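S.K.: Model the structure of this input:
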Amino acid sequence: MVEQVQAAVRTGPSTIEFQEFAMPDIPEDAALLKMEVAGICGTDVKLYKTPPNNKPTIMGHENIGYIAKAGREFTRRKGFKEGDLVFVEHYVMCGKCQWCHQGQYRHCENTDWRNNPDAIRYGYTSIEKPPHLWGGFAQYVYLPWNAVVHHVPKGVSPELAGLVTPMANGVEWSLFDAEVGYNSTVLIQGPGQQGLSQTVICKQAGAALIIVTGTSKDKARMEVAKLLGADYVINVDEEDPLARINEITAGKGVDFSLDCTAGAGTIPILLGINAMKRKAGLIVVQGEMKEFPNFPLEKMTTKAITIKSARGHSYRACELALEQLASKRFPLDKITTHKFGLKDVDLAIRSVGNQGVPDVIHASLMPWE
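M.R.: Down below sits the predicted model:
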């Protein structure tokens, strides 16, 4: 095993420095993960361009790897041994609060980086906090006793397993939050990895009609959406999406609207509200907007629309996502489009944000390449 760990450290807005860290000591209740794949998503694009703080950080919160070293107590408590291929959630729980006992670690204060300056979350926590290795853009990641770890099913490659985070969000948002089910009609706005994951889960749940919207930059992604189960795709740069939705649904509208546009402003919310012609529809939003002037509250209440916020995933959602990946029912390899080595992390992030290599959907960062 190497004595020094190489990592890509974000030291400022859109700035990466490559640094080495000493291999940490692993106590009996901890483990060390040898990274295989760190997935890169739209959140990384935003965190890279506009860091939430000015502290140096190893990014990477979609982490797949092998247990390289495990303390005896870690193995006894958690059931993971050296050599196991695992997925590590980005939440680092307290293990004591009501949310942790429910498997809803996303709400635990110990991992709430927005409100707790001492929070621990992979891809968000600064290298200033020992033992420093808190992100997947590195060769190794430290796993304390309270890391949330899942077995990757046999037959699922590390690269395909890199999709588990967006797929778990798909389960959480469309299946658990929206309760999409048999014969549902669904509007999915944004054909990135989140939107494509929602497409798969809605199709699996029995949705009768799935409409996916995107822009001209999303041409390749919308083609993948059709392969994954979308019945219609709409390029909002070329046609009026509301008029097209009304045409497709014969004026009935949709039951559900899932906003996966990653902060495209008020337009997706307004489209979702207007596209719901039937009573008691439901919208899931990501909540990236700080202000929403002239929000159409009357229209929303008249149509009895429910709005829910999309916020991460639960333990159960991750387990179901891993089962979905293992089922091979859908051609999910169409989402894992590109691989990058650690030295190309800047290019990888920019490419996911449509600023580098074209037609990237989900980028796999391979820290050893």
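S.K.: Now residue 350: which helix or strand?
M.R.: Using DSSP states H and E, residue 350 sits within helix 345-352.
S.K.: Report the rounded mean pLDDT for that helix.
M.R.: Helix 345-352 comes out with an average pLDDT of 96.
S.K.: With stretch 254-268 instead?
M.R.: 87.
S.K.: Now that stretch: buried residues?
M.R.: For stretch 254-268, the neighbour count (16 or more other C-beta atoms under 10 Å) marks 254, 255, 256, 257, 258, 259, 260, 261, 262, 264, 268 as buried. For glycine as for every other residue, the C-beta is placed from the backbone atoms N, C-alpha and C.
S.K.: Distance check, the fifth one against residue 270.
M.R.: Distance, residue 258 to residue 270, by C-beta to C-beta, to the nearest Å: 15 Å.
S.K.: cool, residue 350 as well?
M.R.: 30 Å.
S.K.: Same question for residue 35.
M.R.: Separation of residue 35 from residue 270 (C-beta to C-beta): 41 Å.
S.K.: Compare those two and say which one has the larger neighbour count.
M.R.: Taking other C-beta atoms under 10 Å, residue 35 and residue 270 do not tie; residue 35 has more neighbours (28 against 16).
S.K.: which residues touch the more buried one?
M.R.: 63, 64, 65, 136, 138, 139, 140, 141, 367, 368 (C-beta atoms under 8 Å, 6 or more residues apart in numbering).
S.K.: let's go with 10 Å and repeat that
M.R.: Shown in contact with residue 35 (C-beta atoms under 10 Å, 6 or more residues apart in numbering): 5, 7, 60, 63-66, 68, 88, 133, 135-141, 158, 342, 365-368.
S.K.: and it, that's in a strand?
M.R.: Yes. With DSSP: H, G, I helix; E, B strand; the rest coil as the criterion, residue 35 is assigned to a strand.
S.K.: ok, now how distant is residue 157 from residue 232?
M.R.: 31 Å.
S.K.: So those two - more neighbours on which side?
M.R.: residue 232 (18 against 15).
S.K.: correct me, but the more buried one touches residue 248?
M.R.: Yes. At 5.5 Å, residue 232 counts as touching residue 248 under the criterion of C-beta atoms under 10 Å.
S.K.: Tell me the helix or strand right after the strand or helix carrying residue 322.
M.R.: Using DSSP H and E, residue 322 falls within helix 315-327. Downstream of helix 315-327, the next assigned helix or strand under DSSP H and E is strand 336-341.
S.K.: Just the buried positions in that next one, please.
M.R.: In terms of neighbour count (16+ other C-beta under 10 Å), strand 336-341 has its buried residues at 336, 337, 338, 340.
S.K.: count of residues packed around residue 144?
M.R.: Residue 144 has 15 nearby residues by other C-beta under 10 Å.
S.K.: what's around the residue nearest to it when sequence neighbours are not counted, how many residues?
M.R.: Nearest-residue entry for residue 144: residue 30, 5.3 Å, with adjacent residues in sequence omitted and distances by C-beta to C-beta, 6 or more residues apart in numbering. Residues near residue 30, counting by other C-beta under 10 Å, number 20.
S.K.: can you tell me which of the contacts of residue 35 are in strands?
M.R.: 5, 7, 63, 64, 65, 66, 68, 88, 140, 141, 365, 366 (DSSP state E).
S.K.: and these as a markdown table, adding distance to residue 75, neighbour count and pLDDT?
M.R.: Putting these into a markdown table (distance: C-beta to C-beta, whole Å; neighbours: other C-beta atoms under 10 Å; pLDDT from 0 to 100) gives the following:
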| residue | distance to residue 75 | neighbour count | pLDDT |
| --- | --- | --- | --- |
| 5 | 22 | 25 | 97 |
| 7 | 26 | 29 | 98 |
| 63 | 19 | 31 | 98 |
| 64 | 19 | 28 | 98 |
| 65 | 16 | 26 | 98 |
| 66 | 14 | 16 | 98 |
| 68 | 13 | 19 | 98 |
| 88 | 15 | 23 | 98 |
| 140 | 18 | 23 | 98 |
| 141 | 17 | 27 | 98 |
| 365 | 28 | 29 | 97 |
| 366 | 27 | 18 | 96 |
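S.K.: so what sits against both of residue 232 and residue 248?
M.R.: By C-beta under 10 Å, 6+ apart, residue 232 and residue 248 have these common neighbours: 187, 209, 211.
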